[in-house]
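>>> I'd like to go over a predicted model; first the sequence, then the structure.
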Amino acid sequence: MKKFLALLMGLLLAGAALAQVKVVYHLSEGIPQASRAINNIRNHLAADPKAKIVVVTHGLGIDFLLDGATNQMEQPFAGAVGDLAGKGVEFRVCNNTLVSRKIAADKLVMEAKVVPSGVAEVAKLQAKEGFVYLRP
Amino acid sequence: MKKFLALLMGLLLAGAALAQVKVVYHLSEGIPQASRAINNIRNHLAADPKAKIVVVTHGLGIDFLLDGATNQMEQPFAGAVGDLAGKGVEFRVCNNTLVSRKIAADKLVMEAKVVPSGVAEVAKLQAKEGFVYLRP
Amino acid sequence: MKKFLALLMGLLLAGAALAQVKVVYHLSEGIPQASRAINNIRNHLAADPKAKIVVVTHGLGIDFLLDGATNQMEQPFAGAVGDLAGKGVEFRVCNNTLVSRKIAADKLVMEAKVVPSGVAEVAKLQAKEGFVYLRP
């Protein structure tokens, strides 16, 4: 039985080795974390162009996805978000945050997609869709 | 062989899709993080009432589980912790932290359970019990 | 089919229960986080001496692996890093960080190994090599 389980784990790791890497970037801190994340994701895709990256945001983590958002150096985020979206990166925003912070969904950039709960989304992507976790 | 592995991975994802989502919330920062976590967990359970949530705390992360702890607005944590425990959320506290900070276990609220090591617990839940990770 | 999937998940958890716990510690914040991490890893190995721990660093997370680095109390990190390396802990440093911060690789302690991208490494260890995640 132990041998069978070891074989099964080995097959799984072999299967994983063939599969695409899927990563959820979890953002909830605000603009400085978002700036780091943009930079991290660029480097990530340069190192692994086939990686699937989904950015899930809630709390202050959604701020860089608001229309007109700028970083600490007053540079707009829009270009970077658009570029990454063009490379397949997805951006998801927590509806609970929109409600509690009284932000209308139409204040978000067009690349952002609203999901019911940011934390439930982070968990679901890992538990149900084979994503791994990264907090920038 | 590749096809077999792809099939195996597919079956696994299908199996995962049926299974309960289990999430470890990792807290080590102190009261502001704990306040965010309480709010996050409420939203998480509202979105996915069947999710199993275990909160593992060490370092300053244990503070909200001390008897009489209050948040930044001087509101007690006790009610929120009791409510969440009633919904199946578990709260675990690192014994290494209790020893190094010279805190007696009887200073903890009754919902808290002491484990030998917070970090080893966070790893074990993921590696051995199918939990996914979330840092609030 | 549901029963078969449940059986498969059960076998997997059984397999996981026999396997070594492998953990990636993700460091990107700087010296205070590194100090916490050193302490965390010592406690982790005390609780689970067979755990395989890989520390992946990028951004400010690499600072404690520079030659002569000291913690907030001006104590050198070198001894702790050497001790942990002797227990099998690995330390990896992001080359993108070295390039963008203009730090030569020969400024790193000898235990540090350079990898092309810190974030891609964190994802790969989880997705391809069965590691779980922990952010100290």
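Nice, I can see it. For clarity, every value in this text was computed on a predicted model and none was experimentally measured.
>>> for the rest of this, base every contact and every neighbour count on C-alpha atoms.
OK.
>>> what about the helices in chain A?
A:2-18, A:31-47, A:78-86, A:95-100, A:118-129 (DSSP state H).
>>> hey, which of these is tucked in deepest?
helix A:118-129 (a mean of 23; mean count of other Cα atoms under 10 Å in any protein chain shown).
>>> who touches it?
With Cα atoms under 8 Å, 6 or more residues apart in numbering or on different chains as the test, helix A:118-129 has contacts from A:24, A:26, A:56-58, A:92-96, A:115, A:131-133, B:13, B:16-17, B:21-23, B:40-41, B:43-44, B:47-48, B:131-134.
>>> filter those by proximity to chain C?
The subset of those within reach of chain C, by Cα under 8 Å from any Cα of the partner chain, is A:131, A:132, A:133, B:16, B:133.
>>> the second one and residue A:23 touch, don't they?
Yes - here residue A:132 reaches residue A:23: they are 4.8 Å apart, a contact under Cα atoms under 8 Å.
>>> nearest residue to the middle of chain A?
Centre of chain A computed as the mean C-alpha position; nearest residue by Cα atoms, centre = their mean is residue A:55, 1.5 Å away.
>>> which residues does that residue bridge with?
Beta-bridge pairing of residue A:55 under DSSP bridges involves residue A:25, residue A:91.
>>> list the residues that contact it.
A:24, A:25, A:26, A:27, A:89, A:90, A:91, A:92.
>>> against chain C, how distant is the last one?
Here residue A:92 is placed at a distance of 19 Å from chain C (Cα to the nearest Cα, to the nearest Å).
>>> residue contacts, that residue?
When contacts are counted by Cα under 8 Å, 6+ apart, residue A:92 touches A:54, A:55, A:56, A:57, A:112, A:113, A:114, A:115, A:118.
>>> so which of the residues you listed wins on neighbours?
residue A:57 (32 neighbours; other Cα atoms under 10 Å in any protein chain shown).
>>> what stretches of chain A score poorly on pLDDT?
Within chain A, the stretches with pLDDT under 70 are A:1-2, A:5, A:9, A:12-13, A:17.
>>> count the neighbours of the closest residue to residue A:66 other than its chain neighbours for me.
Once flanking residues are discounted, residue A:66 sits nearest to residue A:108: 4.4 Å by Cα to Cα, 6 or more residues apart in numbering or on different chains. Counted with other Cα under 10 Å, residues neighbouring residue A:108 total 21.
>>> enumerate every residue touching residue A:108.
Counting by Cα under 8 Å, 6+ apart, residue A:108 touches A:65, A:66, A:67.
>>> could you do residue A:52 as well?
Residue A:52 touches A:20, A:21, A:22, A:23, A:88, A:89, counting by Cα under 8 Å, 6+ apart.
>>> now do it against chain C, distance only.
Taking Cα to the nearest Cα, one finds residue A:52 at 11 Å from chain C.
>>> how near is that residue to chain B?
16 Å.
>>> show me which residues of chain A sit near chain B.
Counting by Cα under 8 Å from any Cα, chain A sits next to chain B at A:11-12, A:14-16, A:28, A:96, A:116-117, A:119-120, A:122-124, A:126-130, A:133, A:135.
>>> could you redo the last one with a cut-off of 7 Å?
With the criterion set to Cα under 7 Å from any Cα of the partner chain, chain A comes near chain B through A:11, A:15, A:117, A:119, A:120, A:123, A:126, A:127, A:128, A:129.
>>> I'd like the distance between the fourth one and residue C:130.
When you say that, I think you mean residue A:119. Per Cα to Cα, to the nearest Å, residue A:119 is found 23 Å from residue C:130.
>>> also the first one?
Using Cα to Cα, one obtains 12 Å as the distance from residue A:11 to residue C:130.
>>> now stretch A:101-108 - C-alpha only, CSV.
The C-alpha trace of stretch A:101-108 is given here as CSV (Å, rounded to 0.1, in the frame of the first residue of the first chain):
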residue,chain,number,x,y,z
ARG,A,101,-16.3,51.3,0.7
LYS,A,102,-19.2,52.6,-1.3
ILE,A,103,-17.4,52.4,-4.6
ALA,A,104,-19.5,52.0,-7.7
ALA,A,105,-18.3,49.2,-10.1
ASP,A,106,-18.1,51.7,-12.9
LYS,A,107,-15.2,53.4,-11.2
LEU,A,108,-13.0,50.3,-12.0
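>>> next, the buried residues of that stretch.
Within stretch A:101-108, the residues that count as buried by 16 or more other Cα atoms under 10 Å in any protein chain shown are A:105, A:108.
>>> pull the most distant pair out of the contacts of residue A:55.
A:27 and A:89 (14.1 Å; Cα to Cα).
>>> looking at the two, which one has more neighbours?
Per other Cα under 10 Å, whichever of residue A:27 and residue A:89 has more neighbours is residue A:27, with 26 against 18.
>>> need the contact list for that one.
Taking Cα atoms under 7 Å, 6 or more residues apart in numbering or on different chains, we find residue A:27 in contact with A:56, A:57, A:58, A:61, A:135.
>>> distance of the closest residue to the fourth one other than its chain neighbours relative to residue A:58?
Put plainly, it is residue A:61. In this structure, residue A:61 finds its nearest non-sequential neighbour in residue A:28, 3.6 Å apart by Cα to Cα, 6+ apart. The gap separating residue A:28 from residue A:58 is 5 Å, by Cα to Cα.
>>> repeat that for residue A:18.
32 Å.
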